[in-house]
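>>> Need coordinates for the following:
(chains A and B)
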Amino acid sequence: MTTHTHQTAPTQFVEAKGIRFAYRRFGKASGVPLVFNMHFTGTMDHWDPLVTDGFAKDREVILFDNAGVSSSSGEVPTSVERMAASALAFIKALGLSQVDVLGFSLGGLVAQELTLVAPELVRRLVLVGTGPRSGESMASLTPEAQTIFGASYDPPDHLWLSVFFTPSEASQAAGRAYLKRFRRRTEGRDPEVNESVAPAQLEALAKWGAPRANPFDYLKAIHQPTLVINGDNDVIIYTINSYILQQNIPNAQLILYPDANHGSQYQYPERFVRHVSMFLSEEGA
Amino acid sequence: MTHTHVTAPTQFVEANGIRFAYRRFGRDTREPLLFMQHFRGGMDHWDPAITDGFAMDRPVILFDNAGVASSSGETPNTIDAMGEHAAGFVGALGLSHVDVLGFSIGGYIAQALTLRHPSLVRRLMLVGTGPRGSEPSNDPKYPQYATSTDPGTGETGLEAFLYLFFSPSTSSQAAGRAFWERRHLRRKDIDPPSSAQTMKAQLAAIAEWKELRAERFGELKRIAHPTLVVNGNRDIMVPTINSFTLSQHIPNAQLIIYPDSGHASHFQYPDLFLAHARLFLDR
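A predicted model of the protein is given here:
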């Protein structure tokens, strides 16, 4: 049997709730699979092969495009709750009864919601570069995010150097290395998202971030062991939001990486895989 | 013979007119790791699960700072002076640099040592601690418990210790009692309790550490060392937000906060802490 990697895993499809979900599944088939939930306007190809292949050495990795994103059919819902419902339908359509869930940025919001609506499905939760409902400066894009997403880039994927990395030389060098890895898969690549994706996702983000009373109470209902990870200087979803997640989720560990922005896991991919693997396998706990 | 936390003999070395008590054990590879202890604590207040864990692949050095427990002299009443004593001690051992783990007031001293003698420190671990000008504890029982003494031992008693260093949850309290057992495994050649003079001077030093000298947290930018900041999520003595602040202002700092734990999260999760700390030290 061929062992697939991030680069070679074929895009497959599964149907649920009238959506044809695109996904890729690879890695060592043992234990609980790890399902990845992607960020704003991202596709399966926006994950870092060093991260996905790093995990795939000792567990199954599942990447997917949520409803309406890239290779998946349907429309992007305009709420995180409905995105989570789609994610749940997708996971159930694969016939899985238990998964570990990793969510990055918008995917971290979906991961929280998924955990709340299907607590029996989610074994462990990893929240990366994300925040709580009504988090600090989450009602709209942060001023930094507005500037970064409002600018144009040549080549276009240099956007991610500003979104995910700090201006420091070391962080930018890590960013360029990430982009190289990110471009490596050339065959069977996901198309970039169409123009209807960003507005719907922004609407969902705004609803999630809107102020409300006692906004963090819902986190008390997340009983899964949770690992919260971010850079120490996230300008897209401010780092303090990771601290708030840790302080309010009953069983959460927090790790913040130095000189890192929103994409700290792509700046320190080996360290990230090591820390998350330790957490998922409870090594040392 | 390979010594461990329980068997390592107390040795002495002279510096700055102080006869410093210390214990050194562990494999003679890698950088030595120097431990700096919490308020009123001595060499016997470390967790053997942690010290022996590190000793598997590096030299571990425990010591009593000036005036504390088995060391001679008076405990000074500023963190800077304690840092100078620590530097004198390291120099007297003939070491050109060490890795440093500072816990609580030991973390304040570790920062002072690093700022005043940057070349003496390779990597820095700050556990259950905070910057100069830290957010103070607002726990109502903290002042009384922290200075309380069990007349039977002359040290902080178990009840106060569990309250101060662990979270109120059943699992955290159980972890605290398990630590208490481990820390009493050594029965011979143990430190005497630290003196009333030490407690008074350390309280004065902690009070002085609350005073700002210049821009709040400004000096942390000068700590260029790779730093690991660790705490529990509910530290009632040096509130957890201070660990976040350290990691925000020390340029190359990684932060780890553990769940359902207090000031001594590393004693609650010794294996996990060891795994994280070794990853950090050996990267």
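
>>> how close does A:Arg25 get to B:Leu124?
In this view, A:Arg25 and B:Leu124 are 42 Å apart by Cβ to Cβ, to the nearest Å. To be clear about C-beta, it is placed using only N, CA and C from the backbone, and glycine gets the same treatment.

>>> repeat for A:Gly209
Taking Cβ to Cβ as the measure, A:Gly209 falls 36 Å from B:Leu124.

>>> next SSE after the helix or strand hosting A:Val35?
Here A:Val35, judged by DSSP states H and E, is contained in strand A:34-37. Helices and strands here follow DSSP H and E; after strand A:34-37, the next one along the chain is helix A:49-56.

>>> same question for the next helix or strand after that next one, mean pLDDT?
Later in the chain than helix A:49-56, the nearest helix or strand by DSSP H and E is strand A:60-64. The pLDDT scores in strand A:60-64 average 98.

>>> and B:Pro47, what are its phi and psi?
Rather than Pro, residue B:47 is Asp. When read as degrees, to the nearest 10, the backbone of B:Asp47 gives phi -90, psi 120.

>>> Pull up the gap between the closest residue to it other than its chain neighbours and chain A, please.
Distances taken as Cβ to Cβ, 6 or more residues apart in numbering or on different chains put B:Phe267 closest to B:Asp47, at 4.9 Å, once the chain neighbours are dropped. B:Phe267 is 14 Å from chain A, where distance means Cβ to the nearest Cβ, to the nearest Å.

>>> Close to chain B: what parts of chain A are there?
Counting by Cβ under 8 Å from any Cβ of the partner chain, chain A comes close to chain B at A:225, A:232, A:239-240, A:243, A:246-247, A:250-259, A:271, A:274-275, A:278, A:283-285.

>>> which residues touch the residue nearest the centre of chain A?
The residue lying closest to the centre of chain A (Cα atoms, centre = their mean) is A:Phe104, at 2.3 Å. Listed by Cβ atoms under 8 Å, 6 or more residues apart in numbering or on different chains, the contact partners of A:Phe104 are A:36-39, A:128-130, A:265.

>>> can you put those residues in CSV and add pLDDT?
Shown next, in CSV, are the contacts of A:Phe104 (pLDDT from 0 to 100):
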residue, pLDDT
A:Phe36, 99
A:Asn37, 98
A:Met38, 98
A:His39, 98
A:Val128, 98
A:Gly129, 98
A:Thr130, 98
A:Gln265, 98
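
>>> how about a markdown table for these, with neighbour count and distance to B:Glu181 added?
A markdown table is the format used below for the contacts of A:Phe104 (neighbours: other Cβ atoms under 10 Å in any protein chain shown; distance: Cβ to Cβ, whole Å):
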| residue | neighbour count | distance to B:Glu181 |
| --- | --- | --- |
| A:Phe36 | 25 | 42 |
| A:Asn37 | 28 | 43 |
| A:Met38 | 24 | 47 |
| A:His39 | 24 | 47 |
| A:Val128 | 29 | 38 |
| A:Gly129 | 30 | 41 |
| A:Thr130 | 30 | 40 |
| A:Gln265 | 28 | 39 |
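
>>> between those residues, which is closest to chain B?
Nearest to chain B out of the contacts of A:Phe104 is A:Gln265 (Cβ to the nearest Cβ; 13.3 Å).

>>> Confirm that that closest one sits in a strand.
No - the assignment for A:Gln265, made by DSSP: H, G, I helix; E, B strand; the rest coil, is helix rather than a strand.

>>> before we move on, the earlier item: A:Arg25 and B:Leu124 - which one has more neighbours?
With neighbours defined as other Cβ atoms under 10 Å in any protein chain shown, A:Arg25 and B:Leu124 compare such that B:Leu124 has more, 24 against 19.

>>> Three-state assignment for that one, please.
Three-state call for B:Leu124 (three-state DSSP): strand.

>>> what do you get for A:His275?
Quick answer, by three-state DSSP: A:His275 is helix.

>>> Which element, helix or strand, includes the spatially closest residue to it that is not a sequence neighbour?
Spatial nearest neighbour of A:His275, chain neighbours left out: A:Ile255 (5.7 Å); criterion: Cβ to Cβ, 6+ apart. Using DSSP H and E, A:Ile255 falls within strand A:252-257.

>>> elements contacting that strand?
In this structure, strand A:252-257 packs against strand A:226-231, helix A:240-248, helix A:264-267, helix A:269-280, strand B:253-258, with contacts taken as 3 or more Cβ pairs under 8 Å, 6 or more residues apart in numbering or on different chains; DSSP states H and E.

>>> just those: most buried one?
Ranked by mean neighbour count, the helices and strands packed on strand A:252-257 are led by helix A:264-267 with a mean of 29 (mean count of other Cβ atoms under 10 Å in any protein chain shown).

>>> residues making contact with that one?
For helix A:264-267, contacts defined as Cβ under 8 Å, 6+ apart pick out A:48, A:51, A:104, A:128-129, A:164-165, A:171, A:174-175, A:178, A:229-231, A:234, A:256-257, A:260-261, A:272.

>>> what does chain B put close to chain A?
Residues of chain B lying close to chain A by Cβ under 8 Å from any Cβ are B:226-227, B:233, B:240-241, B:244, B:247-248, B:251-260, B:269, B:271-272, B:274-276, B:279, B:283.

>>> element containing the residue nearest to B:Asp47?
For B:Phe267, the host element (DSSP H and E) is helix B:265-268.

>>> which strands and helices sit next to that helix?
Using 3+ Cβ pairs under 8 Å, 6+ apart: helix B:265-268 touches helix B:170-183, strand B:227-232, strand B:253-258.

>>> chain center to that helix: distance?
12 Å (Cα atoms, centre = their mean, to the nearest Å).

>>> Show residues contacting it.
The contact list for helix B:265-268 (Cβ under 8 Å, 6+ apart) reads B:47, B:50, B:103, B:127-128, B:165-166, B:172, B:175-176, B:179, B:230-233, B:235, B:257-258, B:261-262, B:273.

>>> Report the rounded mean pLDDT for that helix.
pLDDT averaged over helix B:265-268 gives 98.

>>> what do you get for stretch A:221-237?
What stretch A:221-237 shows for mean pLDDT is 98.

>>> Show me the shaky parts of the chain.
No chain was given, so I picked chain A. Within chain A, the stretches with pLDDT under 70 are A:1-2, A:283-285.

>>> was after chain B, sorry
In chain B (pLDDT under 70), the answer is B:1.

>>> show me where chain A has strands.
According to DSSP state E, chain A carries its strands in the segments A:12-16, A:19-27, A:34-37, A:60-64, A:99-104, A:122-128, A:226-231, A:252-257.

>>> Counting neighbours, what do you get for the residue nearest to A:His275?
A:Ile255: 23 neighbours (other Cβ under 10 Å).

>>> got it, and B:Gln11?
12.

>>> Please consider this matter closed, and thank you.
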